[in-house]
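Engineer: Sequence first, then the predicted structure, then my questions.
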Number of protein chains: 2
Amino acid sequence: MASLGELERAVMDLLWAGQEAATANTLRDQLARSSAAQGGAGHEGKELAVTTVLTVLSRLEKKGLVERERGTRPHRYQAVSSRADHTAELMHEVLGSAPDREAVLARFIGSVSEGEAATLRKLLGHL
Amino acid sequence: MASLGELERAVMDLLWAGQEAATANTLRDQLARSSAAQGGAGHEGKELAVTTVLTVLSRLEKKGLVERERGTRPHRYQAVSSRADHTAELMHEVLGSAPDREAVLARFIGSVSEGEAATLRKLLGHL
DNA sequence: TTAGAGTTCTACGAAGCGTAGAAAACTGCA
DNA sequence: TGCAGTTTTCTACGCTTCGTAGAACTCTAA
């Protein structure tokens, strides 16, 4: 139950980008604008119905990715965890399902850029 | 197009476990046995139809995870890459979709066991 | 207390997956 | 060379997820 659809991901990207909790309406507008900004190839400036956005938000809430304040009238939605946390958790999930974790890590490290390898060294040093 | 269903994963696990290429029939038998070995809770010893296994294998082939020798009559199937390679690639995929790769790596490293951290240090040294 | 904004309910179509029958292709043997 | 058994392909159905949104319900402000 980890993977996201295209629209779900777009919504999460907006929630992750903005620091404030957002309403469904705000998100719908942002979605229209960001997909319009894509220009020519592929996506066009779609005006989604607000109910569509709300459905997606509910699904994301059920998946535990989004939290909503029910107190305020236009409910406000925000990501439960940062994108970095979420992504890192995903990576652990992928890794976790492997019996040969060390081998996986070896392959993973093997195909990491030099800059990132340096970053990793630094991070590991600080433990 | 990366995620696998339950049966697809079970088949991949068998292909990854065995070093030899396997036929659909062999796999069906192994599936029956391994799910029977699961005992009581959950799965029971399901006898799948061979066509089911073949369908799954075709889908896995289309996804690029499995390769088949068409020359021999009972076609023989094998995993394209090792489980470790595949998993590592998946991790890169997850990481790749993030704009803040370094932050993700930081979180990832932060929640790695001490033993694995040591492994990583060793691996990074060898670059 | 009511109109309008917001939310929930329900639903449909497409795609992915588990499942497998029916039909086609191939092989070895008589 | 033609059949019988084995193997593969074709087709399909039901279930779930996701994009999408109308319809109906629920608030809040005036």
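Structural biologist: Cool, the structure landed.

Engineer: which residues in chain A form helices?
Structural biologist: Counting by DSSP state H, chain A has these helices, from start to end: A:6-17, A:24-37, A:50-62, A:83-96, A:101-110, A:114-125.

Engineer: So which residues make contact with stretch A:65-73?
Structural biologist: Among residues not part of stretch A:65-73, those counted as contacts by C-beta atoms under 8 Å, 6 or more residues apart in numbering or on different chains are A:4, A:12, A:15, A:21, A:57, A:60-61, A:75-80, A:86. The way it works is simple: take the backbone N, C-alpha and C, and place the C-beta from them, glycine included.

Engineer: Mean pLDDT and distance to DNA strand D for the helices of chain A - can I get that in CSV?
Structural biologist: Rendered in CSV, the data for the helices of chain A read as follows (pLDDT from 0 to 100; distance: least, C-beta to the nearest atom of the strand, whole Å):
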stretch, mean pLDDT, distance to DNA strand D
helix A:6-17, 97, 4
helix A:24-37, 88, 8
helix A:50-62, 98, 4
helix A:83-96, 94, 13
helix A:101-110, 93, 25
helix A:114-125, 88, 29
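
Engineer: B:Asn25 is nearest to which of those?
Structural biologist: Nearest to B:Asn25 among the helices of chain A is helix A:101-110 (29.7 Å), distances taken as C-beta to C-beta.

Engineer: How about the contacts made by the residue of chain A found nearest DNA strand C?
Structural biologist: Among all residues of chain A, A:His75 sits closest to DNA strand C, at 3.1 Å; criterion: C-beta to the nearest atom of the strand. Under the criterion of C-beta under 8 Å, 6+ apart, the contact list for A:His75 reads A:Thr23, A:Ala24, A:Arg68, A:Glu69.

Engineer: List the residues that contact the second one.
Structural biologist: Yep, that's A:Ala24 we're talking about. Contacts for A:Ala24 (C-beta under 8 Å, 6+ apart) come out as A:Val50, A:Val53, A:Leu54, A:Leu57, A:Pro74, A:His75, A:Tyr77.

Engineer: just to revisit the earlier point, narrow the contacts of stretch A:65-73 to just the buried residues.
Structural biologist: Burial of the contacts of stretch A:65-73 was assessed by neighbour count (16 or more other C-beta atoms under 10 Å in any protein chain shown); the buried members are A:Leu4, A:Met12, A:Leu15, A:Ala21, A:Leu57, A:Leu60, A:His75, A:Arg76, A:Tyr77, A:Ala79, A:His86.
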